[in-house]
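J.: Next input, structure requested:
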Amino acid sequence: MNYQKLKEGLIAFLLLIFSFFYTNKAVQLVQNADPIMKQIKQSNSKYKVEAKNALIVGEKIIPGLNGLEVDYQESYKKMKKYGSYNEALTTLKEVKPTISVTDYYDKYVVTGNSDKHELALIFKIESASDIERLLSLLEKKNVKATFFIDGTILEKNLNSILKLNDYEVELLNYDGKYERDFFLNAKNYLEDITKKEAKYCYLDYDKKEVIDLCSSLKMHTIMPSIKVEKNAYMEIKEKLSNSAIITIPSNISLDNLSISIDYLKNRGFKFLLLDTLISESIEK
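T.: Predicted coordinates:
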């Protein structure tokens, strides 16, 4: 008796699936035969932009760039409601590259993906006293930046961290180390404070155990193209390139930082948050 009910239920389920599949196919056939859909598809070549694959060189990766194509269904829905083909109602969608940075966590991200005059400033915060003095200059210059902060500083300086709400805050390490449990606890604490997902790890130099840890947590590891040691102005001027990721120590003199920012602005560079700089989205 139970076997018969099971059999009947299975047959009913298969019929339902077949009916759903057949209905979808029938709808697609009708849509494809519609002159509106035909015109929409013919217009795709006009709007199509090929995606740019991420570039992998050894252990390093440079993000790619999404492509564009016509979203047939959204365009058709709008134009059908309008009653005829109307190019102004064409809707586009981004297309992910075949090789995308979003699929690689075991490579070091070293620059952004654009040929434009864009860059990201990173400050490595190892002393909470540096936060407010850096903020005073960044706000005066109207410049965006990303702060990588040690987990022990996060725990003891909540008020200072909250002042970074308009910036990007990521975890540097925990007490200078990358022990999984401590790092993970600090990551969770950071996310509770900022209400944002922690996405990035940071290294100045190749360190396999760190990138293995961050990769296991689905976090990309940043290894900047310019690492300032002492004189930001001279070192940036010497190595500057489009889409650079520039790391600056938090104890830098404000005069030197101010001169460096003015130089970059005069060169026409746009200051982006790290997440924006390396995003593969066309809409930045």
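
J.: which residues of this protein fall in helices?
T.: Ranges of helices in the chain, per DSSP state H, are 2-33, 35-42, 44-47, 72-82, 129-141, 151-156, 158-162, 180-194, 208-216, 232-239, 254-266, 274-277.

J.: what about Tyr85, neighbour count?
T.: 20 (other Cβ atoms under 10 Å). Every C-beta, even on glycine, is put in place using the N, C-alpha and C of the backbone.

J.: Could you measure from it over to Glu126?
T.: 60 Å (Cβ to Cβ, to the nearest Å).

J.: got it, and Tyr105?
T.: 25 Å.

J.: I'd like the helices of the chain written out as a markdown table, with mean pLDDT and mean neighbour count added.
T.: Putting the helices of the chain into a markdown table (pLDDT from 0 to 100; neighbours: other Cβ atoms under 10 Å) gives the following:
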| stretch | mean pLDDT | mean neighbour count |
| --- | --- | --- |
| helix 2-33 | 53 | 10 |
| helix 35-42 | 93 | 16 |
| helix 44-47 | 93 | 12 |
| helix 72-82 | 94 | 16 |
| helix 129-141 | 94 | 16 |
| helix 151-156 | 92 | 18 |
| helix 158-162 | 89 | 14 |
| helix 180-194 | 95 | 16 |
| helix 208-216 | 95 | 16 |
| helix 232-239 | 94 | 16 |
| helix 254-266 | 96 | 16 |
| helix 274-277 | 96 | 21 |
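
J.: could I get those as TSV with distance to Asn53?
T.: As requested, the helices of the chain are exported to TSV (distance: least, Cβ to Cβ, whole Å):
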stretch	distance to Asn53
helix 2-33	30
helix 35-42	25
helix 44-47	20
helix 72-82	24
helix 129-141	34
helix 151-156	35
helix 158-162	37
helix 180-194	30
helix 208-216	20
helix 232-239	25
helix 254-266	29
helix 274-277	18
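
J.: closest to Val101 out of these?
T.: For Val101, the closest of these is helix 274-277, at 11.6 Å, according to Cβ to Cβ.

J.: from the middle of its chain, how far away would that closest one be?
T.: 6 Å (Cα atoms, centre = their mean, to the nearest Å).

J.: Not counting its own residues, what contacts it?
T.: By Cβ atoms under 8 Å, 6 or more residues apart in numbering, the surrounding residues in contact with helix 274-277 are 112, 114, 118-120, 122, 146, 168, 170, 199-200, 222, 243, 245, 284.

J.: same thing with stretch 36-44?
T.: Here stretch 36-44 makes contact (Cβ under 8 Å, 6+ apart) with 31-32, 69-70, 72, 75-76, 79-80, 84-85, 87, 90.

J.: which residues touch Ile99?
T.: By Cβ under 8 Å, 6+ apart, the residues touching Ile99 are 53-54, 56, 64.
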